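The sequence and its predicted three-dimensional model are supplied below.
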Amino acid sequence: MIILRRGDRLPSVAVVQYFLNLYGNQPIAIDGDFGNLTASALEAYQRAHGLVVSGRVRDATWQHLNQRNLQLIDSVDVTDDENMHSDYRDYGPNNRFGPDTILNYGMSLGVRNVIRQIRSQAQSGRVVLLRFHGHGAPGHQVVSSGESGNDGSSFDIDYGGNFWVIIESLRGIFSPLGSIEFHGCNVGKGVRGERLLRKVANVLKVPATAGVSVQYGGVRRSQRFEGRTRTFCPNDTSLRDWALQTMSFSYL
């Protein structure tokens, strides 16, 4: 599931704007900023197609807009922890996150294994959004070990060796419209958060986004950020410029 609303500034907003320009009747700027004109164009699209007119992007609207069948993948750390277990309801039999949800329990070499799972599930060049859910800290996203976050089970800006080579192996899964999000607490905060997002964006060649505050999650809140976010695009391009450059061409 994707949830977007007025006030969001995200690469995924630019994707929605791109689709609205393809299939809607109110041309709008593609800049990643969900403002009044985007909300108005979205409402007109929802009205024209018999959808609930909310001016927000939720499941039905996203599925209707996503006529190119781009893929959204969620990687969720459900290692034994009460916060993650409260979120598990969102990933159960009636999975609100969609079919491409990867549930990760405690494992050695977690990052390597999670990336292997993502690559096996992804359609090459079709992933429009990859989201990681789990605990976090500035410049650090846990993917498969609960709160411990050791170097085999987390993204961290200070990791070296072949860590970034492993991460780079994801590059081919992304659509030209794709991006990556880290939904752990404070992942984008401070200098370490900035360094991590910049590094990921330049390694994967897609925008990387994270929150800068606590992310409480739970029951329908895990799909979107709580509070302010930070986004870095490849080569330090601004979100607006990335959106204009990327969405001005039809790749699909």
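Sure thing, it's come through.

Return the residues in contact with the residue of the chain positioned farthest from its centre.
Most distant residue from the mean C-alpha position of the chain: residue 48, 27.9 Å away (Cα atoms, centre = their mean). By Cβ atoms under 8 Å, 6 or more residues apart in numbering, the residues touching residue 48 are 24, 25. The way it works is simple: take the backbone N, C-alpha and C, and place the C-beta from them, glycine included.

can you rerun that using 10 Å?
Applying Cβ atoms under 10 Å, 6 or more residues apart in numbering, we find residue 48 in contact with 23, 24, 25.

which SS class is residue 209?
At residue 209, secondary structure determined by DSSP: H, G, I helix; E, B strand; the rest coil is strand.

correct me, but it touches residue 197?
Yes - using Cβ atoms under 10 Å, residue 209 makes contact with residue 197 at a distance of 7.2 Å.

Now do the shared contacts for these two.
Shared contacts of residue 209 and residue 197 (Cβ under 10 Å, 6+ apart): 180, 182, 187, 188, 229, 230, 231, 232, 233.

residues in contact with the residue lying closest to the last one once chain neighbours are set aside?
Nearest in space to residue 233, with sequence neighbours left out and distances taken as Cβ to Cβ, 6 or more residues apart in numbering, is residue 242 at 4.0 Å. With contacts taken as Cβ under 10 Å, 6+ apart, residue 242 has the following neighbours: 11, 14, 31-32, 179, 201, 206-207, 231-235.

Let me know the closest of these to residue 65.
residue 14 (12.7 Å; Cβ to Cβ).

so which of the shared contacts of residue 209 and residue 197 would you say is closest to residue 140?
Once Cβ to Cβ is applied, the member of these that ends up nearest residue 140 is residue 187, at 6.7 Å.

now the strands: where do they sit in the stretch 101-250 of the chain?
Under the criterion DSSP state E, counting those that start in this stretch, strands of the stretch 101-250 of the chain are mapped to 101-104, 127-133, 136-137, 140-142, 154-156, 174-182, 208-211, 229-232.

what ranges do the helices span in the stretch 51-200 of the chain?
Counting by DSSP state H, counting those that start in this stretch, the stretch 51-200 of the chain has helices at residues 59-65, 82-88, 110-121, 163-168, 190-204.

who wins for proximity to residue 247 among those?
In terms of Cβ to Cβ, the element of those nearest to residue 247 is helix 59-65, at 13.7 Å.

just the CA coordinates of that closest one, formatted as CSV?
Only the C-alpha atoms of helix 59-65 are listed here, as CSV (Å, rounded to 0.1, in the frame of the first residue of the first chain):
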residue,chain,number,x,y,z
ASP,A,59,-4.7,1.5,-2.1
ALA,A,60,-7.5,1.8,-4.7
THR,A,61,-6.3,5.1,-6.2
TRP,A,62,-2.7,3.8,-6.4
GLN,A,63,-3.8,0.6,-8.1
HIS,A,64,-5.8,2.5,-10.6
LEU,A,65,-3.0,5.0,-11.3
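
which helices and strands sit right next to that helix?
Applying 3 or more Cβ pairs under 10 Å, 6 or more residues apart in numbering; DSSP states H and E, one finds that helix 59-65 makes contact with helix 11-23, helix 36-48.
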